[in-house]
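Visitor: sequence? don't have it. structure:
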């Protein structure tokens with residue numbers, strides 16, 4: 001019995017995207033051009049990269065084999081798309097629309113899709129692993145964005161939430177002693 005299917009995968013992805021959107025909102029637009037190190041993406045490019053990276057998973061779901069798949073063209077198109085100038089509002093809308101599109105796509109997958117094995121140049125993977133990949137990929141880049149927030153003097157929202165819970169717990173403890 002599989003306890004993590006299409007519905008759960010879509011919901012988990014929505015949670016990850018929700019947190020990415022909060023970071024996108026927390027970073028001021030005038031910092032979207034910030035690049036933490038040479039040869040890295042700017043904040044804006046990272047957000048665009050995260051937004052559109054779900055597209056490859058949808059494309060991979062349509063094929064039985066990647067034999068002959070033009071990965072260089074896919075990566076070139078992605079790099080061009082993520083480098084397009086966009087405002088903060090446009091990037092947030094892109095994150096929302098692409099996130100909704102991917103989560104809806106995941107919800108529509110049949111349970112018998114997930115155990116299928118895809119032969120890939122770097123090793124075989126189940127379709128489940130392939131569909132989990134965008135969530136893991138986004139979490140990787142979200143961690144980078146949280147570090148960027150720290151570099152910009154912003155306390156990440158997850159840290160703020162934890163600090164608030166700790167302060168409330170301390171208040172409760174102090175009131176009972």
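Guide: Yep, that arrived. Only a predicted model underlies this, so the values are computations on that prediction, with no experimental measurement involved.
Visitor: what about the strands in this structure?
Guide: 117-118, 125-126 (DSSP state E).
Visitor: any stretches of the chain with poor pLDDT?
Guide: 1-2 (pLDDT under 70).
Visitor: the same query, at a cut-off of 80, please.
Guide: Applying pLDDT under 80 to the chain flags residues 1-3, 65, 67-69, 122.
Visitor: re the thing from before, pick the most deeply packed of the strands of the chain.
Guide: Highest mean neighbour count among the strands of the chain (mean count of other CB atoms under 10 Å): strand 125-126, with a mean of 16. Every residue, glycine included, has its C-beta placed from N, CA and C.
Visitor: distance-wise, check the residue nearest the centre of the chain relative to residue 17.
Guide: With distances taken as CA atoms, centre = their mean, residue 138 lies nearest the centre of the chain, 2.6 Å away. Distance from residue 138 to residue 17, counting by CB to CB, to the nearest Å: 7 Å.
Visitor: do residue 115 as well
Guide: 25 Å.
Visitor: higher neighbour count, those two?
Guide: residue 17 (24 against 10; other CB atoms under 10 Å).
Visitor: neighbours of the spatially closest residue to that one that is not a sequence neighbour, how many?
Guide: Leaving aside its sequence neighbours, residue 17 sits nearest to residue 99 (CB to CB, 6 or more residues apart in numbering; 3.8 Å). The number of residues packed near residue 99 is 22, by other CB under 10 Å.
Visitor: since that was my last question, I'll sign off now.
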